[in-house]
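Chemist: This is a predicted model, with the sequence first.
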Amino acid sequence: MDQKRLFIAIAVSIGILLIFEMWNRPTREAEQRRLEQQRSTQVAPATPAQLPAGPAGGAAAPATPGTATAAATPATPEQRIRIEAPRVSGSINLRGARIDDLVLLDHRETVARNSPPVRLLAPRTDVHPYFVQWGWSAADGRTRVPDADTDWSVEGGPLGVDRPVTLSWDNGQGQVFRIRLEIDRDYMLAIRQSVQNRGTEAVQLLPWTRIRRDATPEVAGFFILHEGFVGVLDGRLVEWTYKDAKAEAEKRRGPAFETESAGGWAGFTDKYWLTALMPQNQATRVRTAFRHINDGRDRWQADMALPAAETIAPGAEASFDTRTFAGAKEVNLLDAYASRYGIVDFDKAVDFGWFYFLTKPFFHILHFLGVSFGNFGVAILVFTLCLKILFFPLANKSYKSMARMKVLGPKMSEIKERHKDDPAKAQAEMMALYRSEKVNPASGCLPILIQIPVFFALYKVLFVTIEMRHAPFFGWIQDLSAPDPTNLFNLFGLLPFDPAHLSSLLHMPAWAIAMGLTMFLQYKLNPAPPDPIQAKLFAWMPLIFTFMLAGMPAGLVIYWTWNNLLSISQQWWIMRMDREEQKKRGTYVAPVKPEKAAKKG
């Protein structure tokens, strides 16, 4: 294996990823600024659009779901019942039986002390309406069912732990509709929809629940992060971006995705937040759909219903039991819910990606260390040190080989110069030199090959897990999941302006500079490439990577810097020991720079 070509291939591969990261950075910064302003800005209330009665699954559906028709503003103001739970607050809108007001008390929009809590759900008068709703469709075409402007009565309240509330509505035809809601100490609601038929004839009704977004949310747009529709149905992870769902819905002239399954869960995922529906009994068969509705603006809906309408005889009652998760995607909490309620792969709401087998164990280790040390930045340092110790025997062998390659550098340059017109013969002589010196040129690649999946897995942990969000380190690093805020181009805050507003290239933080310096020192310890062009490329790599990593999460740059320091220390010690051993055997030859060796030849 040509070691230098492998290094170049690896460097180019990582470079492409980092260039893509830098290219997407302005979008993410714009999203961050939007989030800081969005919750304080609301549009004036306008005439609301009449929302459809709900999803209609199967042949029982009397109408196409997702159509919106105009309706007059109701004369009476809507009534609300408070939600007062340990980790969330908000209210239930009694008009339309929906939760359209929910804030997450443990999470704030920014690291600022006066930053407001994150608002997850919002009413139709908000800039980005987002709500959960429950209802029925009339399969018989004659039974009056509640709609988006139905005013429900309430028993109990406010909604809290061990304080359920029940919404009720009498249609005047002999059917009484009820929605009983319970909430736990975290983010899970249990809902029972029931209909009591007091009439003299049987009715056919289809109960449903849905999550509705009446505006397209801003997304990071980064390829390693999924945002949009998500679910696990029949044991299969289903993911649809908003763009793909819109294209598929227009192509099919119906739902972008629809399936019947036993249990499962489905909803909307953002980077850190999730709103998802699931049946309480995971053996219950349900029909789930992802929908895009275009009535002048893009609307999105994830809904869940029974496969077909139920026939309710006179004097009988029918119910549909579901759960709704609305909160932060905390890994341990998702795992606890999965275990408690039998929810399959609920942790996949967190986009651990292809390296799931590494990313999730890395998360648990980092989380344990972070809790133990009280600092996730320290956890990254300790975790990296543990990895170095774990792979020390392998790295030891690789660094010894690299040390020998550095010593052989002059001889390799001499061979290339002597046979510059016959590359095949030069390659044959170098292979003979490797055999005689018992050196494997490929073994020096192993430290880098090991580091690449670790790098990607750790990057995923820092990028997608909420536990790293707003986690401080020391000094100026107050959020390991965000870029280092310092900048060389304004003398680290001495000049009163931010050059990064002019160009993302004008952001050069302190930790990125430290990373570049350590990468340069590591380059100097490695054997110099015999090829002058390769030597120049490798000499420029530290500077290139410094600019590339400038906009990366600070935790990742800290990891890379610390990993470089450990590698430098290990490599220096191994090379020193190898040099002393050669001196004792009398085989030590002082290394000569390739260009000097070429001149001597």
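Modeler: Cool, got the structure. Given the structure is predicted, the values throughout are model-derived calculations rather than measurements.
Chemist: all strands for the stretch 251-400 of the chain, in order.
Modeler: Using DSSP state E, counting those that start in this stretch, the strands of the stretch 251-400 of the chain run over 257-262, 265-269, 273-279, 285-294, 298-305, 310-312, 317-328.
Chemist: tell me which residues in the shortest one are buried?
Modeler: Spelled out, it's strand 310-312. Glu310, Ile312 (16 or more other Cβ atoms under 10 Å). C-beta coordinates here come from the backbone N, C-alpha and C atoms, glycine included.
Chemist: Each with direction, which strands does that strand pair with?
Modeler: strand 203-213 (antiparallel) (DSSP bridges).
Chemist: cool, the third one as well?
Modeler: Strand 273-279 has these partner strands in its sheet, going by DSSP bridges: strand 265-269 (antiparallel), strand 317-328 (antiparallel).
Chemist: Now render these as JSON lines, adding mean pLDDT and mean neighbour count.
Modeler: Shown next, in JSON lines, are those (pLDDT from 0 to 100; neighbours: other Cβ atoms under 10 Å):
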{"stretch": "strand 265-269", "mean pLDDT": "98", "mean neighbour count": "25"}
{"stretch": "strand 317-328", "mean pLDDT": "98", "mean neighbour count": "20"}
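Chemist: so which of the ones you listed gets nearest Ala539?
Modeler: With respect to Ala539, and counting by Cβ to Cβ, the nearest of the strands paired with strand 273-279 is strand 265-269 at 43.2 Å.
Chemist: The closest one vs strand 257-262, what angle?
Modeler: 140 degrees (axes from the mean of the first three to the mean of the last three Cα atoms, to 10 degrees).
Chemist: For strand 265-269, what is the distance to the chain centroid?
Modeler: 14 Å (Cα atoms, centre = their mean, to the nearest Å).
Chemist: Centre-most residue in the chain?
Modeler: Centroid-nearest residue in the chain: Val464, 3.2 Å away (criterion: Cα atoms, centre = their mean).
Chemist: Show me the helices in the stretch 1-150 of the chain, by range?
Modeler: Taking DSSP state H, counting those that start in this stretch to define them, one finds helices in the stretch 1-150 of the chain at 3-38.
Chemist: How about the stretch 501-601 of the chain?
Modeler: Applying DSSP H, counting those that start in this stretch to the stretch 501-601 of the chain gives helices spanning 510-525, 532-549, 554-585, 594-600.
Chemist: For the longest one, list every residue counted as buried.
Modeler: Buried residues in helix 554-585, counted by 16+ other Cβ under 10 Å: 554-568, 570-571, 574-575, 578.
Chemist: can you check stretch 119-139 too?
Modeler: Neighbour counts over stretch 119-139 (16+ other Cβ under 10 Å) mark 119-124, 126, 128-139 as buried.
Chemist: Quick one: end-to-end length of stretch 80-89, please.
Modeler: 13 Å (Cα to Cα, to the nearest Å).
Chemist: what's it in contact with?
Modeler: 90-94, 99, 101-106, 154, 157-161, 165, 183-187, 326-327 (Cβ atoms under 8 Å, 6 or more residues apart in numbering).
Chemist: about what we covered before: quick one: which of the strands paired with strand 273-279 is nearest Lys536?
Modeler: strand 265-269 (45.0 Å).
Chemist: Break this structure down into its domains, please.
Modeler: 3-22+365-600, 39-351 (automatic domain parsing).
Chemist: And the first one, how far out from the chain middle?
Modeler: Its chain's C-alpha centre lies 26 Å from the corresponding centre of domain 3-22+365-600 when counted by Cα atoms, centre = their mean.
Chemist: Model confidence score at Met541, please.
Modeler: According to the prediction, Met541 has pLDDT 83.
Chemist: got the phi/psi numbers for Asn114?
Modeler: phi -90, psi 10 (degrees, to the nearest 10).
Chemist: From Arg108, how far off is it?
Modeler: Distance, Asn114 to Arg108, by Cβ to Cβ, to the nearest Å: 9 Å.
Chemist: Under the pLDDT cut-off, which ranges of the stretch 451-600 of the chain? List them.
Modeler: Flagging of the stretch 451-600 of the chain using pLDDT under 70 yields the residue ranges 451, 502-504, 527-532, 534, 585-600.
Chemist: Isn't Lys246 up against Asp298?
Modeler: Yes - assessed by Cβ atoms under 8 Å, Lys246 is found in contact with Asp298 at 6.7 Å.
Chemist: Perfect, that will be all.
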